[in-house]
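Participant: Sequence plus the predicted model coming up.
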Amino acid sequence: MGEVKLLATPQSSPCVRIEWALKMKGVEYKYMKQSLLNKSHLLLQSNPVYKKVPVLLHNGLPIAESLVILEYIDETWKQNPLLPQDPYDRANARFWARFFDEKCAVGMWKAGVAQGEGKGGAIESALESLALLDKQIEGKRYFGGEEIGYMDIVAGGIPYWLNVLEQVGDMELLTPQRFPHLHRWSLNLMQTSPVKDCLPPRDSVVNYFRLGFKKARSMSSANNNKS
Amino acid sequence: MANEVVLLGYWPSQYGMRARIAVEEKGIPYEYKEEDAWNYDRSPLLLEMNPVHKKTPVLIHNGKPICESLIVIEYIDEVWNHKSPLLPSDPYDRAQARFWADFVHRKVYGAAKRIWTTKGEEREGGKKEFIECMKLLEQQLGEKPYFGGDNLGFVDVAFVPFYSWFQVYEKFGKFNMEAECPNIIAWAKRCLKKESVAKTLPDQHKVYDLAIWIRKKLGVE
């Protein structure tokens, strides 16, 4: 197995993804909690390009970017495969994972941060992305089929983190009326290991988003004042 | 079932070029169909095959679509695994290749776009970030002939299409690529000796003329 360390912060859903994947594979790892305000020498050395978490260290070798780490885990520890075997299905899973990170997650965040006039439009945009995911999960227990797979881990931020984002961002996105399939999947995922056993305390996520919103809103206001 | 491969692309798009280089490297017989990205009447085929993003490239293999250029390259590498491997076999090396291809995809494209579609402070910011990216990539390349080692790999295929846009960046950013990152220029010229790349990359002047047209259309000065 080798020595596995995870540089992470507990509230960050891309970091928790990695924990879920490692637990599904039965891989033991040392969790090294990182401060994002006062970045450790190890973090800066392991991810000099982005200086961000998560970073996986396997026998001292660093791998950064959560989707890259997930594929590395899947290729290194072959039990309980995360990605499907068929190349077309793999391409599909990768497509929706990218879609989630680049459109859904970004869209939900922006909708939460937005205030005033822009909020309606940002919410509409987030809803459009969620609608596409809802269609994808229709008729399936998990995105991975009968068992949790790659896309369930990637989109697994929805049941827990989106709920907090909605609260802190004063909005409602995921309802059973709007997205019955995605809502059903969310509830199901929250009852399933390893997801249900590995979630940060809700308060800590609330604070994390509050701080993040404050920073994003002040940067946005500074940019508006410039132009 | 016979292998039927169709590639929907747009000639100046770096993303489309990536997919084309990959099919050419593998020697896969394919039909290329040009989609004009500036023509808002996208073809029914494109809309059917990529309803989510409505963009090229799309690889259609026996009628089934694969979208997003980096995903297309990995698909091609997995299906046609008999020759010219684009990703290494070791998981750690594969992770590094994916990391740097993603870096090119997210960081280089965004910075480069700011150079030729914006002006003033924003353009200068784009130029600074672009040059920083080039220097990081030079470091990654090191003494190797290609990012993939002795042969073209995933990162080479992801990055070399940008070469056709270098004249655009130089002219609007007012800098010289050879002066800033000579090893990148040397690497690109090495890649151009490969038939798959030479056949795919459009002439820099043609791309520059298009950039001028697009800037007018976007109303940039």
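Facilitator: Looks like it came in fine. Numbers count the residues shown, from 1 in each chain, chains lettered A, B, ... in the order given.

Participant: alpha carbons only for contacts and neighbour counts from here, please
Facilitator: Fine.

Participant: what residue ranges in chain A score low on pLDDT?
Facilitator: For chain A, residues meeting the criterion pLDDT under 70 lie at A:1, A:226-227.

Participant: could you redo the last one with a cut-off of 90?
Facilitator: A:1-2, A:36-37, A:219-227 (pLDDT under 90).

Participant: Any idea which helix or strand in chain B has the lowest mean pLDDT?
Facilitator: The helix or strand of chain B with the lowest confidence, counting by mean pLDDT, DSSP states H and E, is helix B:44-49 at a mean of 89.

Participant: what's around the closest residue to B:Met177 other than its chain neighbours, how many residues?
Facilitator: Using Cα to Cα, 6 or more residues apart in numbering or on different chains and skipping the chain neighbours, the partner closest in space to B:Met177 is B:Glu170 (6.8 Å). The number of residues packed near B:Glu170 is 16, by other Cα atoms under 10 Å in any protein chain shown.

Participant: how far is stretch B:51-58 from where the chain is centred?
Facilitator: 16 Å (Cα atoms, centre = their mean, to the nearest Å).

Participant: For the least confident helix or strand of chain B, give me every contacting residue.
Facilitator: The contact list for helix B:44-49 (Cα atoms under 8 Å, 6 or more residues apart in numbering or on different chains) reads B:Leu8, B:Lys54, B:Lys55, B:Thr56, B:Val58, B:Ile60, B:Lys64, B:Pro65.

Participant: hmm, back to that, SS state for the residue nearest to B:Met177?
Facilitator: helix (DSSP: H, G, I helix; E, B strand; the rest coil).

Participant: what sits against residue 113?
Facilitator: Went with chain A since none was named. Here A:Val113 is in contact with A:Gly169, A:Phe213, A:Ala216, A:Arg217 (Cα under 8 Å, 6+ apart).

Participant: hmm, I had chain B in mind actually
Facilitator: B:Gly126.

Participant: I'd like the mean pLDDT over the helix or strand encompassing it, please.
Facilitator: If you go by DSSP states H and E, B:Lys113 is part of helix B:109-117. Mean pLDDT, helix B:109-117: 95.

Participant: any idea of the angle the next helix-or-strand element following it forms with helix B:109-117?
Facilitator: As assigned by DSSP H and E, the chain's next helix or strand after helix B:109-117 is helix B:120-141. Relative orientation of helix B:120-141 versus helix B:109-117 (axes from the mean of the first three to the mean of the last three Cα atoms, to 10 degrees): 140 degrees.

Participant: coming back round to it: for PyMOL, write a command that selects the buried ones of the contacts of A:Val113.
Facilitator: Here is the PyMOL command that selects the buried residues among those (16 or more other Cα atoms under 10 Å in any protein chain shown):
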select buried, chain A and resi 169+213+216
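
Participant: just curious, which of the contacts of A:Val113 is nearest to A:Val27?
Facilitator: A:Val27 lies nearest to A:Phe213 out of the contacts of A:Val113, by Cα to Cα, at 34.6 Å.

Participant: residue contacts, that closest one?
Facilitator: A:Phe213 touches A:Gly112, A:Val113, counting by Cα under 8 Å, 6+ apart.

Participant: if I look at it, how far off is A:Pro201?
Facilitator: 19 Å (Cα to Cα, to the nearest Å).

Participant: Pull the residues that contact the helix or strand containing A:Met24.
Facilitator: Per DSSP H and E: A:Met24 is located in helix A:13-25. By Cα under 8 Å, 6+ apart, the residues outside helix A:13-25 that reach it are A:8-10, A:28-29, A:53-54, A:66, A:69-70, A:73, A:77-80, A:82, A:153-154, A:156-157, A:161, A:194-195, A:198-199.

Participant: which among the residues you listed end up buried?
Facilitator: A:8-10, A:29, A:53-54, A:66, A:69-70, A:73, A:82, A:153-154, A:156-157, A:161, A:194-195, A:199.

Participant: show me which of those neighbour chain B.
Facilitator: Restricting those to those touching chain B (Cα under 8 Å from any Cα of the partner chain) yields A:Ile69.

Participant: Can you show me the helices along chain A?
Facilitator: A:13-25, A:41-46, A:66-76, A:87-99, A:106-113, A:117-137, A:150-155, A:157, A:163-168, A:180-190, A:202-226 (DSSP state H).

Participant: Please tabulate those helices in TSV, including the columns distance to A:Phe143.
Facilitator: Supplementary listing: the helices of chain A in TSV, determined by distance: least, Cα to Cα, whole Å:
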stretch	distance to A:Phe143
helix A:13-25	15
helix A:41-46	32
helix A:66-76	16
helix A:87-99	8
helix A:106-113	20
helix A:117-137	6
helix A:150-155	6
helix A:157	14
helix A:163-168	20
helix A:180-190	9
helix A:202-226	25
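
Participant: who in chain A is up against chain B?
Facilitator: A:63-65, A:68-69, A:71-72, A:75-76, A:87-88, A:91-92, A:94-95.

Participant: ok and the helix or strand containing B:Ala211 relative to helix B:109-117, angle-wise?
Facilitator: Here B:Ala211, judged by DSSP H and E, is contained in helix B:204-218. Relative orientation of helix B:204-218 versus helix B:109-117 (the same axes, to 10 degrees): 80 degrees.

Participant: Okay, buried residues for helix B:204-218 please.
Facilitator: For helix B:204-218, by 16+ other Cα under 10 Å, it's B:Gln204, B:Val207, B:Tyr208, B:Ala211, B:Ile212.

Participant: So which bits of chain B are right by chain A?
Facilitator: Counting by Cα under 8 Å from any Cα, chain B sits next to chain A at B:66-68, B:71-72, B:74-75, B:78-79, B:91-92, B:94-96, B:98-99.

Participant: Narrow the residues you listed to those in strands?
Facilitator: Taking DSSP state E, the ones among the residues of chain B next to chain A that sit in strands are B:Ile66, B:Cys67.

Participant: Can you tell me which of the residues of chain B next to chain A are classed as buried?
Facilitator: B:66-68, B:71-72, B:74-75, B:78, B:91-92, B:94-96, B:98-99.

Participant: Let's verify B:Lys144: helix, strand, or coil?
Facilitator: coil.

Participant: distance of the closest residue to it other than its chain neighbours from chain A?
Facilitator: Excluding the flanking residues, the one nearest B:Lys144 by Cα to Cα, 6+ apart is B:Asp150, at 7.1 Å. Noted for B:Asp150: a distance of 23 Å to chain A, by Cα to the nearest Cα, to the nearest Å.
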